[in-house]
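Asks: Quick one: sequence plus predicted model below, questions after.
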Amino acid sequence: MTPKTLRRDGGGQAPARRREGSPGTGGPPSGSLPCLGLASPGGMVLFDPGIHLPGEAEAPPDPPAPACAARGPFQAFGPICTEGLGAMGDLPPLPLLRAARRHEETTFIPREEDCLALWERYRMPGHIRRHSRLVADLAAGVVHLGHSREAEPDAAYAAGLLHDLAKGYCIVHGGSHSQMGAAWVMRETMNAPIAQAVLFHVHWPWKEEISAETFLPLALIYADKRVRHDGYVSLEDRFRDLLGRYGTTEAARARISSAHDQGKRIEAALSRRLGVNLREYTAHCRRLVL
């Protein structure tokens, strides 16, 4: 079987729709991806509309979300159609996607404003936005701390901002937010390494080894496991909270325990690669500090 990567043209069979699971679940089953090859993050370029879209006007902003009778942070999700995003497929492409289509040989890293435009387009709830900013800072800090050539801090920051893009939608409609979010990110950015980091941010189905292809997704997984809601915590505190809220059955507790063990292995692998003890660090303005 030939290894496959996420295709820039969005090809491939769509995963079956399923309900969003408890923490520690939601990623692709380990046994289903034995031959999947990861896209290399090398050669990415930070998107600059002045350079990559010279003389082209910005796309018009998305129309405001229709009013919805529901209350709470997810009230905007009622009008979105489940199949094929419905009317959202008719929205004009944002500048990043226009540039990616024009320069097919280049893989662009979304700027912060590109990520925020996707937050608006996909109606990300406010509390998930706050969580995503902290994850983005920590993921970028992990990359920046080691001055790594295996990943770009800007790419890690963008992956952190986008990792929960589909979380609010899937809470309302069901499905895997990592799988749907990866599909949305791939569709809107055509950046396979960032989309793959989103796809695997809940669960890593292989051995936790650092390489050029795994550094970005493992940094994102670790950053996500160090943020509880909108605050930095240790892995132990994060999973103690998850057990208290979601560990209602033996199966749920086993999944949460497995995710905790994987988080510890990732922390150890990144610490060895960077030559620091990541447990002693937190993030501030896309850097790690003691």
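Replies: Now that the structure is in, tell me what you want to look at.
Asks: From here on, just use CA atoms for contacts and neighbour counts.
Replies: OK.
Asks: What segments of this structure are strands?
Replies: Taking DSSP state E, the strands of the chain run over residues 44-46, 107-109, 227-228, 231-232, 282-284, 287-289.
Asks: so what's the residue nearest the centre of the chain up against?
Replies: Computing the C-alpha centroid of the chain and ranking residues by CA atoms, centre = their mean puts residue 163 first, at 2.0 Å. By CA atoms under 8 Å, 6 or more residues apart in numbering, residue 163 lies in contact with 132, 178, 181, 182, 197, 198, 201.
Asks: thinking again about what came up before, of the strands of the chain, flag the one that's most buried.
Replies: strand 107-109 (a mean of 24; mean count of other CA atoms under 10 Å).
Asks: and it, what does it pack onto?
Replies: Under the contact criterion of 3 or more CA pairs under 8 Å, 6 or more residues apart in numbering; DSSP states H and E, strand 107-109 touches strand 44-46, helix 95-102, helix 153-162.
Asks: wait, which of the ones you listed is closest to residue 112?
Replies: Closest approach to residue 112 among the helices and strands packed on strand 107-109 (CA to CA): helix 153-162, 6.7 Å.
Asks: CA atoms of that closest one as PDB?
Replies: Provided in PDB are the C-alpha atoms of helix 153-162 (Å, rounded to 0.1, in the frame of the first residue of the first chain):
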ATOM      1  CA  PRO A 153       6.900  29.000  15.200                       C
ATOM      2  CA  ASP A 154       4.400  30.800  12.900                       C
ATOM      3  CA  ALA A 155       3.100  27.500  11.700                       C
ATOM      4  CA  ALA A 156       2.700  26.200  15.300                       C
ATOM      5  CA  TYR A 157       1.000  29.400  16.300                       C
ATOM      6  CA  ALA A 158      -1.500  29.100  13.400                       C
ATOM      7  CA  ALA A 159      -2.100  25.400  14.200                       C
ATOM      8  CA  GLY A 160      -2.900  26.400  17.800                       C
ATOM      9  CA  LEU A 161      -5.300  29.100  16.700                       C
ATOM     10  CA  LEU A 162      -7.100  26.600  14.300                       C
END
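Asks: Fine by me, we can end here.
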